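Trainee: Have a look; sequence and predicted model below, questions after that.
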Amino acid sequence: MPRGVPKNGFRMTKNRASSIIEELVESRFTINERFGFVSDMVTMLAKGDQASVVVTGPGGLGKSHTVYQTLINDGFKDVTTLDNFKPGDVLGKKTFVIVKGYSTAKGLYRTLYENRNGVIVFDDCDSVLKDPVSLNLLKGALDSYSKRIISYKADIRDDDLPNVFEFKGRVIFISNLPSQAMDQAVISRSMAVDLSMNTQQKVDRMRYLIEQSDFMPEYSMAFKTDAIELIGSLANRVKDMSLRTLIQVTKIRKSSDSNWKNLAEYAICG
């Protein structure tokens, strides 16, 4: 008898079916494969084949860095601070801006308008996903129609903001919220990847990262390896398992004497 079908012949509940599917997905793809999916989805978006990508999961393990580095590798220019632009330059399709923190609906409308041809990365800016007006603006930006028209009919006193415009850009959401807590209208319009991790998967992710040449290149591989081995042995006691933990222990390993393990254990476990 197939898994999940009780002996009495009745079908499993919908919740149980969803739980089994989640277990299968979890066992099928490792955390590093899922980070690879983030890069693949962002590249699709960069090519114009996708209007929106949603990346969810715990903070401090490289979501933002993966998105940022993928856009840079795909030839995009970061114009968040305009440091890479000269006066008079026009923001084009190969640019991206990072929006962090809080945004009002009107602030969101301005961001969408000013970056209507490029990529907007909302990084831990969950306020735009909670405000009803902001959500309606985003739905217009993420629609699958050939023309995505966004309008803001409230009084706009800024002369440079129109009441309506066509949005040709793309949007990436990075959130520490679980995917279930995200607005489903946004999820349904996007490609989404959930990077939720248990403790062992966090350690596995760190083991992968220390092998990358751009991760703490100023520290020897020996120091980073010693650090991750200690973290792995203390995994169930670590107060806040994140890249900050690995960075902290690596620095302790380099700077301290033979007592470094005790100092590191106290620092990360209390």
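Mentor: Done, it's in.
Trainee: Not counting stretch 252-262 itself, show me its contacts.
Mentor: Contacts of stretch 252-262 with the rest of the structure, by CB atoms under 8 Å, 6 or more residues apart in numbering, involve Tyr219, Ser220, Phe223, Asp226, Ala227, Leu230, Leu263, Ala264, Ala267. (C-beta placed from N, C-alpha, C; glycine too.)
Trainee: Quick one: mean pLDDT over that stretch.
Mentor: The average pLDDT within stretch 252-262 is 91.
Trainee: CA atoms only: put that stretch into CSV for me.
Mentor: This file holds the C-alpha atoms of stretch 252-262, laid out as CSV (Å, rounded to 0.1, in the frame of the first residue of the first chain):
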residue,chain,number,x,y,z
ILE,A,252,39.7,33.7,18.2
ARG,A,253,41.6,30.8,16.7
LYS,A,254,44.1,33.1,15.0
SER,A,255,44.6,35.5,17.9
SER,A,256,44.5,33.4,21.0
ASP,A,257,46.9,30.9,22.4
SER,A,258,46.4,27.2,23.3
ASN,A,259,43.4,28.1,25.3
TRP,A,260,41.5,29.3,22.2
LYS,A,261,38.9,26.4,22.3
ASN,A,262,37.8,27.3,25.8
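Trainee: Please point out which parts of it sit buried.
Mentor: Under the neighbour-count criterion of 16 or more other CB atoms under 10 Å, stretch 252-262 has Ile252, Arg253, Lys254, Trp260, Lys261 buried.
Trainee: just so I have it, where are all the helices in the stretch 51-200 of the chain?
Mentor: Taking DSSP state H, counting those that start in this stretch as the criterion, the stretch 51-200 of the chain contains helices spanning 63-73, 105-114, 132-142, 184-188, 199-209.
Trainee: Leu112 against Ser151, yeah?
Mentor: No. Under the criterion of CB atoms under 8 Å, Leu112 is not in contact with Ser151, lying 11.0 Å apart.
Trainee: Tell me how this protein divides into domains.
Mentor: Structural domains assigned to the chain are 30-194, 199-269, following automatic domain parsing.
Trainee: out of the contacts of stretch 252-262, which one sits closest to Arg207?
Mentor: Proximity of those to Arg207 was ranked by CB to CB; the top entry is Ala227 with 10.7 Å.
Trainee: Quick one: mean pLDDT over the helix or strand harbouring that closest one.
Mentor: For Ala227, the host element (DSSP states H and E) is helix 221-233. When pLDDT is averaged over helix 221-233, the result is 97.
Trainee: hang on, the earlier thing: and the two most separated of the buried residues of stretch 252-262?
Mentor: Lys254 and Lys261 (13.3 Å).
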